[in-house]
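Peer 1: sequence plus predicted model, see below.
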Amino acid sequence: MDNVENKKRSSNTAANIITWILPSAVIIAVMLFMNVIPDLFSAGSFVFALGLGLIISRIIFVIRSRRSLSEKIWRLILWVFLLVFMGFIFLLMPKTTHECTTDDAQSKFESVVSEKYPGVYDLPLNLGSPSSVEYHTYTSFAVIFESRSYTLLCSYDESSFYDETAVLESEYATRSEPFESVGDYVFFLVTTGDEDLPFFKKSAYLIINNKDHEIGFMFFDDIDLDVADDRTDFLNSYCGWEYIR
């Protein structure tokens with residue numbers, strides 16, 4: 001009799017542990033697969049997924065409990081309300097993705113530029129002889145608002161770098177002063193031909209790094225963004241530069 005009782009308790013304990021762990025584990029796995037959590041230690045998204053899983057676990061426990069129907073109903077209403085509230089918070093959370101590739105980088109960048117931003121850069125780009133070329137895409141999404149940036153970064157040896165910067169100065173119209181500097185990278189705002197839009201809605205840049213002999217091209221698009229008072233924060237947070245370099 002005692003053995004049967006012990007087995008029953010062990011079975012209940014195992015079921016309870018699975019009920020606590022499984023919903024959170026499934027949610028975290030799905031968010032990782034969908035790249036909502038960039039990595040397992042992305043604290044905000046991880047904590048949210050864990051909290052959501054625990055609420056679902058509590059709902060399962062309420063359904064399985066031996067409480068009266070009326071008690072189950074009001075407890076379910078409470079936990080479902082919390083679940084809906086957490087879902088609303090999730091919609092408001094900005095979700096970011098950053099991808100980088102060196103495979104066919106120039107043609108991928110030029111393909112996007114020609115479609116979304118025709119006329120900004122002279123295509124095909126004359127990159128000279130770079131030692132490496134990277135193509136970065138960055139997206140930040142919250143509810144219905146989306147920021148996107150597309151960046152091509154080229155590394156050169158010293159002589160090729162200065163030859164290429166001389167070519168760029170003659171090809172592109174830039175403002176006399178740099179738009180902003182982030183570390184060793186200097187951003188120049190390129191004349192877009194769409195001057196009615198402020199830079200924080202739609203803009204294109206040349207990026208120069210004299211120290212590491214790098215040249216970059218970036219364009220940004222977020223027609224819903226209303227203000228960007230801090231240009232460094234704009235480049236890092238909205239254009240995703242903090243992920244790129």
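Peer 2: The structure has been received and is ready for your questions.

Peer 1: show me where the protein has strands.
Peer 2: Along the chain, counting by DSSP state E, strands occupy 95-101, 132-142, 145-155, 180-182, 185-189, 202-209, 214-221.

Peer 1: which one of these lies nearest to Tyr243?
Peer 2: Each of the strands of the chain has some distance to Tyr243 by CB to CB; the shortest is strand 95-101, at 4.0 Å. To be clear about C-beta, it is placed using only N, CA and C from the backbone, and glycine gets the same treatment.

Peer 1: would you map the helices across the protein?
Peer 2: 2-33, 43-64, 69-92, 105-116, 158-171, 231-233, 241-244 (DSSP state H).

Peer 1: pick the most buried one from these.
Peer 2: The highest average neighbour count among those, using mean count of other CB atoms under 10 Å, belongs to helix 241-244 at a mean of 20.

Peer 1: now tell me what touches that one from outside.
Peer 2: Thr96, His98, Cys100, His136, Tyr138, Thr151, Leu153, Val182, Tyr185, Leu235, Asn236 (CB atoms under 8 Å, 6 or more residues apart in numbering).

Peer 1: just the buried ones out of these, please.
Peer 2: Using 16 or more other CB atoms under 10 Å as the burial test, those include Thr96, His98, His136, Tyr138, Thr151, Leu153, Val182, Tyr185, Leu235, Asn236 as buried.

Peer 1: does the fifth one touch Tyr135 like I think?
Peer 2: Translated: Thr151. Yes - counting by CB atoms under 8 Å, Thr151 touches Tyr135, with 7.3 Å between them.

Peer 1: between the two, which contacts overlap?
Peer 2: Phe109.

Peer 1: coming back round to it: let's have the helices of the chain in CSV, adding mean pLDDT.
Peer 2: As requested, these are exported to CSV (pLDDT from 0 to 100):
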stretch, mean pLDDT
helix 2-33, 68
helix 43-64, 77
helix 69-92, 78
helix 105-116, 87
helix 158-171, 82
helix 231-233, 91
helix 241-244, 90
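
Peer 1: now the ones you listed as JSON lines including distance to Asn126?
Peer 2: Converted to JSON lines, the helices of the chain look like this (distance: least, CB to CB, whole Å):
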{"stretch": "helix 2-33", "distance to Asn126": "40"}
{"stretch": "helix 43-64", "distance to Asn126": "41"}
{"stretch": "helix 69-92", "distance to Asn126": "44"}
{"stretch": "helix 105-116", "distance to Asn126": "10"}
{"stretch": "helix 158-171", "distance to Asn126": "7"}
{"stretch": "helix 231-233", "distance to Asn126": "28"}
{"stretch": "helix 241-244", "distance to Asn126": "22"}
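
Peer 1: what about those helices, which gets the closest to Glu177?
Peer 2: Nearest of the helices of the chain (CB to CB): helix 231-233, 11.8 Å.

Peer 1: contacts for that closest one, please.
Peer 2: Residues from elsewhere that reach helix 231-233 (CB under 8 Å, 6+ apart): Phe179, Glu180, Val182.

Peer 1: list the contacts of stretch 50-57.
Peer 2: Residues contacting stretch 50-57 (CB under 8 Å, 6+ apart): 19-20, 22-28, 79, 82-83, 86-87, 90.

Peer 1: lovely, talk soon.
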